[in-house]
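A.B. asks: Any chance you can model this:
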Amino acid sequence: MNITITPSKLTGSIEAIASKSYAHRIILASALSDKPTLIHINAISKDIIATVNSVNALGANAVIEEKAIRVEPIIKRQQKPVIHVTESGTTARMILPIACALYNEGTLTGEGSLLKRPFAPLCKALEDNGITFSNTFLPIDFKGNMESGDYRISGSESSQYISALMYALPLLSAESKIILTSPLASKGYVDITTDVLNQFGVRGGFETKGNEKFISPGEITVEGDMSNAAFWLAAGVNVTGLNPNSKQKDKLFLSVKDSSEINADDIPDLVPILAVYAASRVGETRIYNVGRLRIKESDRIESTYAMIKALGGEIEANDSEIIIYGKGELKGGRVDSYNDHRIAMSAAIASCFCKEKVIITNAEAVNKSYPQFFEHFNSLGGKANVE
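C.D. replies: The predicted structure is shown next:
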């Protein structure tokens with residue numbers, strides 16, 4: 001699907017959609033709990049559907065209802081599970097150790113760009129504790145008995161590896177520890193994991209005595225998504241339904257957007273929209289610590305660079321930083337989304353700062369996290385039309 005956008009100013013107010021980061025973790029905790037959980041959620045994306053389907057593959061009964069997901073906990077089966085996560089990297093990383101803790105063998109598979117994304121650090125930590133893998137790229141067959149013990153893993157590639165172990169290790173029978181072999185990047189996402197675990201009666205943290213019980217709160221509401229709110233905030237739209245005390249680091253958007261130096265270590269998902277906002281201002285903006293963007297839905301260093309160039313902006317990029325030379329406006333042009341939801345949405349918001357039309361190819365990428373994005377865009381005064 002290609003979208004053509006005629007430049008216009010967005011105005012008004014919009015309610016934030018539910019946080020994808022929180023939703024993934026709440027669904028997983030609900031599936032591991034002692035009784036059913038009703039999750040109140042105001043938006044369902046492809047990635048959330050992937051997590052629902054994944055816990056069902058493990059023996060849960062999770063059903064999507066109107067503005068809710070009802071989850072009955074996992075009942076283990078005899079046969080090995082086949083878990084298909086489509087293109088959701090968060091689902092894949094979070095579900096793998098849980099599956100290994102629950103089953104002696106199984107298969108994790110997916111599709112699209114996820115097939116090119118590595119799982120080696122997580123697999124190595126699990127291999128050191130009783131699990132064998134067919135390979136470290138999807139599809140992955142796993143086999144063995146996951147053992148309690150020390151799980152050594154790098155904290156620099158993906159915080160999701162750490163979060164995944166924080167879910168799985170409490171399920172084991174004895175004491176286990178997560179031992180970081182490098183500094184932890186994107187610590188905010190681990191804070192979200194701890195927050196959700198605490199709400200389900202699990203201590204969280206890097207140590208567990210094992211045999212911890214997930215206790216369902218009965219009902220729980222997914223808070224608003226700071227990452228997706230940033231797109232609207234960049235365009236000057238008011239966003240309601242956000243938690244000012246949220247553990248989500250992407251709440252920092254408003255405080256960093258006008259800075260000339262931005263550290264992306266804790267806010268990697270904001271980089272594409274920060275680059276667009278920087279290009280709309282006059283002056284130089286340096287966004288650094290961007291190396292991990294190479295292994296997102298797209299190579300986000302490359303796709304962010306290509307987006308800004310296609311729109312007539314001036315940008316430089318390498319493995320460690322992105323530098324934008326803002327001219328106060330953009331020209332417009334044709335942007336390839338690289339099948340990356342954050343590039344597609346950033347390009348749409350960029351149209352607000354353009355003189356000419358913006359065409360986004362493969363714009364359906366927004367379905368990964370925000371299926372209603374273009375509907376909401378037009379409701380705020382945008383002029384986006386399917387070619």
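A.B. asks: can you give me the helices in the stretch 1-150 of the chain?
C.D. replies: 20-31, 46-57, 89-102, 120-127 (DSSP state H, counting those that start in this stretch).
A.B. asks: What helices and strands are in contact with the first one?
C.D. replies: Right, helix 20-31. Under the contact definition 3 or more CB pairs under 8 Å, 6 or more residues apart in numbering; DSSP states H and E, helix 20-31 sits against strand 37-40, helix 46-57, strand 61-65, strand 68-72, helix 89-102, helix 159-168, helix 187-199, helix 226-234. Bear in mind the C-beta positions are built from the backbone N, C-alpha and C, glycine included.
A.B. asks: cool, and the second one?
C.D. replies: When contacts are defined as 3+ CB pairs under 8 Å, 6+ apart, helix 46-57 packs onto helix 20-31, strand 61-65, strand 68-72, strand 82-84, helix 89-102.
A.B. asks: Go again with 10 Å.
C.D. replies: helix 20-31, strand 61-65, strand 68-72, strand 82-84, helix 89-102, strand 105-109 (3 or more CB pairs under 10 Å, 6 or more residues apart in numbering; DSSP states H and E).
A.B. asks: Then the last one?
C.D. replies: Packing partners of helix 120-127 (3+ CB pairs under 10 Å, 6+ apart): helix 89-102, strand 131-133, strand 140-144, strand 150-153, helix 159-168.
A.B. asks: Among the helices and strands packed on helix 46-57, which comes closest to residue 38?
C.D. replies: When the helices and strands packed on helix 46-57 are compared by CB to CB, strand 68-72 sits nearest residue 38, at 5.5 Å.
A.B. asks: And the contacts of the closest one?
C.D. replies: 23, 26-33, 35-42, 44, 48-49, 51-52, 55-56, 59-64, 216, 219, 221-222 (CB atoms under 10 Å, 6 or more residues apart in numbering).
A.B. asks: How about stretch 318-325?
C.D. replies: So stretch 318-325 is contacted by 261-262, 264, 271-272, 274-291, 293-294, 300-301, 304-305, 308, 313-317 (CB under 10 Å, 6+ apart).
A.B. asks: tell me the contacts of residue 80?
C.D. replies: 99, 103, 104, 105, 106, 107, 141, 142, 143.
A.B. asks: Quick one, which of the residues you listed are buried?
C.D. replies: Neighbour-count burial (16 or more other CB atoms under 10 Å) applied to the contacts of residue 80 gives 99, 103, 106, 107, 142.
A.B. asks: Export those to TSV and append columns for distance to residue 164 and pLDDT.
C.D. replies: Converted to TSV, those look like this (distance: CB to CB, whole Å; pLDDT from 0 to 100):
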residue	distance to residue 164	pLDDT
99	10	98
103	15	97
106	15	97
107	17	98
142	13	98
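A.B. asks: Which pLDDT does the model give residue 206?
C.D. replies: With respect to pLDDT, residue 206 has a value of 97.
A.B. asks: Could you report the distance from it to residue 85?
C.D. replies: 25 Å (CB to CB, to the nearest Å).
A.B. asks: Pick out whichever of those two has more residues nearby.
C.D. replies: residue 85 (25 against 17; other CB atoms under 10 Å).
A.B. asks: ok, the more buried one touching residue 91?
C.D. replies: Yes: at 4.3 Å, residue 85 and residue 91 qualify as touching, with contact defined as CB atoms under 10 Å.
A.B. asks: Now do the shared contacts for these two.
C.D. replies: Residues touching both residue 85 and residue 91 (CB under 10 Å, 6+ apart): 47, 50, 51, 53, 54, 108, 110, 114.
A.B. asks: Tell me the one of those residues nearest residue 7?
C.D. replies: Of all the shared contacts of residue 85 and residue 91, residue 47 has the smallest distance to residue 7: 29.9 Å, by CB to CB.
A.B. asks: my read: that closest one touches residue 87, true?
C.D. replies: Yes: Residue 47 lies in contact with residue 87 (CB under 10 Å); the separation is 7.8 Å.
A.B. asks: what sits in contact with each of those two?
C.D. replies: Common contacts of residue 47 and residue 87 (CB under 10 Å, 6+ apart): 341, 368.
A.B. asks: picking up where we left off before, just the contacts of stretch 318-325: which are in strands?
C.D. replies: Under the assignment DSSP state E, the contacts of stretch 318-325 contribute 261-262, 282-288, 314-317 to strands.
A.B. asks: Please identify which of the residues you listed is nearest to residue 121.
C.D. replies: Residue 121 lies nearest to residue 288 out of the ones in strands among the contacts of stretch 318-325, by CB to CB, at 22.9 Å.
A.B. asks: and the closest one, what does it touch?
C.D. replies: Residue 288 is in contact with 261, 262, 263, 264, 265, 320, 321, 322, 323, counting by CB under 10 Å, 6+ apart.
A.B. asks: tally of neighbours for the residue nearest to residue 95 when sequence neighbours are not counted?
C.D. replies: Residue nearest to residue 95 in three dimensions, not counting chain neighbours: residue 54, with 4.8 Å by CB to CB, 6 or more residues apart in numbering. By other CB under 10 Å, 29 other residues sit near residue 54.
A.B. asks: now do residue 144
C.D. replies: Residue 144: 15 surrounding residues under other CB under 10 Å.
A.B. asks: before we move on, the earlier item: adding distance to residue 8, write the helices and strands packed on helix 120-127 out as TSV.
C.D. replies: Output for these, formatted as TSV (distance: least, CB to CB, whole Å):
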stretch	distance to residue 8
helix 89-102	33
strand 131-133	50
strand 140-144	46
strand 150-153	47
helix 159-168	37
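A.B. asks: now for those, which one comes closest to residue 79?
C.D. replies: Using CB to CB, those put helix 89-102 closest to residue 79, at 12.6 Å.
A.B. asks: could you say what helices and strands that closest one packs with?
C.D. replies: Under the contact criterion of 3+ CB pairs under 10 Å, 6+ apart, helix 89-102 touches helix 20-31, helix 46-57, strand 82-84, strand 105-109, helix 120-127, strand 131-133, strand 140-144, helix 159-168.
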